[in-house]
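Novice: Compute the structure for the input listed below.
(one chain, ligands or ions: 1)
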Amino acid sequence: MVPALVLLALLGAAPPKRVVFDAHTHISPGELARFHGILDEVGIAWTLNLSGYFPGGPLETQLQAARASGRMLVAANLPWRAARARDDFPELAVALLERSQALGAVALKIEKALGLMVQKPDGSRLAVDDPWLDPVWQAAGRLGLPVVIHTADPKAFWAPIDEKNERLEELTAHPRWSNFGQPVPSFEALLAELEQVIARHPGTTFVSVHFGNNAEDPAYVGRLLDRYPNLYVDLAARVPELGRHDPDLLRALFIKHQNRILFGTDLGVSDDNFLMLGSFGTEPNQRDEVGPFFSAHYRWLETRDDQPSMTPIQGRWTIHGLGLPEPVLEAIYAKNALALFGVPTSHPPYWRLSRRPDSTRLGGSPE
Ligand SMILES: [Zn+2]
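Specialist: Sure thing, here's the model as predicted:
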């Protein structure tokens, strides 16, 4: 019998060579079998689960599931409701962070609620850059936990929901996602608060999700990456938004900042058969959409092809492929995330078909 790899070579097809770490997922602990089926189908080696919750919440359960999986790392969250209830919330948050790290969490995920709706004990809005929270960002730096932070939302969520709104389809399905006319700061004000935090804490690493929370303006994100070496961004749920920009400018930006861009998708696999691929409509995504969704991501990064958006509900525009060089692809697909978060406990079976990560190739990633 001819071994599979020899057969592939004879046929002129390249063996699978993509090694992917999805650094932006939301996985329920009871959904491992469905989750692994997805990873196997689309060739994802490892993931970071951003829905870890906190100690005494189900962080312990999430970590147990991650260990059983061997393909998942977990980010802890914070109980923001306690910020309204307790004057000592920052001390509580630091203690929870220390405990989370001791249990095995590898990052702190901050939800968009901070800045939009989280309140202080006096009932006022807790700003992202409120100095009250400085001990939390300092503790994350001291503990080596990158802060994976979602601030604001797509710009279109601040615009009226009418035919001129670029995300009319998404906002029609989810009218409550709109911030238009709501008593919240502007999109720009929230991003300015986030920048303050990144600037004030150079010893803490920040992963600003959804392409710096401003995929609408890649040049802005490029300037921030220039200015702050402690800033990373992920691609989650923003490839369609990014893909409609000038591919040459974007390609140059990706090459320049190749060591601080993480592959991520906002894959959600949770209870009651829920599935999310970046976003979702009035119904969750269907299982048969998973393959095309991930293939479109790979095609966008690896080729100069034009293709339709893989998340049409976010806007039905054509996206332009970047055709990135191989070393840049390796960095964005996995190397950067492995260096930042570490390596999950075991390698998936498909790994045998692919190339193994030797420590030099992966830059001596911490185990
Ligand atoms: Zn997410």
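Novice: in the stretch 1-150 of the chain, which ranges drop under the pLDDT threshold?
Specialist: Across the stretch 1-150 of the chain, the ranges flagged by pLDDT under 70 are 1-16.
Novice: Okay, strands next: where are they in it?
Specialist: 20-27, 44-49, 72-76, 107-110, 147-149 (DSSP state E, counting those that start in this stretch).
Novice: Now the ones you listed in JSON lines, please, with extra columns for distance to S178 and mean neighbour count.
Specialist: Just so you know, the C-beta spots here come from the backbone N, C-alpha and C atoms, and that holds for glycine as well. Compiled in JSON lines, the strands of the stretch 1-150 of the chain are given as follows (distance: least, C-beta to C-beta, whole Å; neighbours: other C-beta atoms under 10 Å):
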{"stretch": "strand 20-27", "distance to S178": "22", "mean neighbour count": "26"}
{"stretch": "strand 44-49", "distance to S178": "28", "mean neighbour count": "27"}
{"stretch": "strand 72-76", "distance to S178": "27", "mean neighbour count": "27"}
{"stretch": "strand 107-110", "distance to S178": "22", "mean neighbour count": "27"}
{"stretch": "strand 147-149", "distance to S178": "22", "mean neighbour count": "25"}
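Novice: Now tabulate those in CSV and tack on distance to H257.
Specialist: Formatted as CSV, the strands of the stretch 1-150 of the chain follow (distance: least, C-beta to C-beta, whole Å):
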stretch, distance to H257
strand 20-27, 15
strand 44-49, 19
strand 72-76, 22
strand 107-110, 20
strand 147-149, 17
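Novice: Return the residues in contact with A75.
Specialist: Taking C-beta atoms under 8 Å, 6 or more residues apart in numbering, we find A75 in contact with 48-50, 52, 105-109, 148.
Novice: which among those gets closest to V269?
Specialist: Using C-beta to C-beta, N49 comes nearest to V269 of those, at 9.6 Å.
Novice: Any idea which of the strands of the stretch 1-150 of the chain gets closest to G281?
Specialist: Using C-beta to C-beta, those put strand 20-27 closest to G281, at 17.2 Å.
Novice: Given the closest one, what are its sheet partners and their directions?
Specialist: strand 44-49 (parallel), strand 267-270 (parallel) (DSSP bridges).
Novice: Nearest approach to V207 belongs to which of the ones you listed?
Specialist: Set against V207 and scored by C-beta to C-beta, the strands paired with strand 20-27 come closest in strand 44-49, at 9.3 Å.
Novice: Widest-spaced pair of the contacts of A75?
Specialist: Based on C-beta to C-beta, the longest span within the contacts of A75 runs between N49 and L108 and measures 13.0 Å.
Novice: quick one on the thing from earlier: out of the contacts of A75, which is nearest to G203?
Specialist: G203 lies nearest to L108 out of the contacts of A75, by C-beta to C-beta, at 14.3 Å.
Novice: need the contact list for the closest one.
Specialist: Residues in contact with L108, defined by C-beta under 8 Å, 6+ apart, are 75-78, 97, 100, 140, 145-148.
Novice: swap the cut-off to 7 Å and go again
Specialist: L108 makes contact with 75-76, 97, 140, 145, 147-148, according to C-beta atoms under 7 Å, 6 or more residues apart in numbering.
Novice: from those residues, which single one is nearest D226?
Specialist: Nearest to D226 among the contacts of L108: V147, at 19.8 Å, using C-beta to C-beta.
Novice: which residues touch L73?
Specialist: Going by C-beta under 7 Å, 6+ apart, L73 touches 48, 66, 106, 341-342, 344.
Novice: Can you check those residues and name whichever has the most neighbours?
Specialist: L48 (30 neighbours; other C-beta atoms under 10 Å).
Novice: still on that earlier bit, and G278, which of the strands of the stretch 1-150 of the chain is closest to it?
Specialist: Nearest to G278 among those is strand 20-27 (9.6 Å), distances taken as C-beta to C-beta.
Novice: And the closest one, how far out from the chain middle?
Specialist: Remark: strand 20-27 is offset 7 Å from the chain centroid, using C-alpha atoms, centre = their mean, to the nearest Å.
Novice: ok, and what's touching that strand?
Specialist: 35, 43-51, 72, 209, 234, 236, 262-270, 333-334, 337-338.
Novice: Tell me the buried residues within those.
Specialist: Among the contacts of strand 20-27, those buried by neighbour count (16 or more other C-beta atoms under 10 Å) are 35, 43-51, 72, 209, 234, 236, 262-270, 333-334, 337-338.
Novice: now, which of the contacts of A75 sits nearest D162?
Specialist: Closest to D162 out of the contacts of A75 is L50 (32.3 Å), distances taken as C-beta to C-beta.
Novice: for the closest one, what are its contacts?
Specialist: Contacts for L50 (C-beta under 7 Å, 6+ apart) come out as 24-26, 75, 109, 148.
Novice: would you list those in CSV and tack on distance to L275?
Specialist: Shown next, in CSV, are those (distance: C-beta to C-beta, whole Å):
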residue, distance to L275
H24, 15
T25, 12
H26, 11
A75, 20
K109, 20
V148, 22
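Novice: closest to W300 among the residues you listed?
Specialist: The closest of those to W300 turns out to be H24 (C-beta to C-beta; 15.8 Å).
Novice: What separation do you get for the spatially closest residue to that closest one that is not a sequence neighbour and E169?
Specialist: Spatial nearest neighbour of H24, excluding adjacent residues (C-beta to C-beta, 6 or more residues apart in numbering): G264 at 2.9 Å. Look at G264 and E169: by C-beta to C-beta, to the nearest Å, they are 23 Å apart.
Novice: got it, and G123?
Specialist: For G123, the distance to E169 - C-beta to C-beta - is 36 Å.
Novice: Over to Q196?
Specialist: Distance of Q196 to E169, given as C-beta to C-beta: 34 Å.
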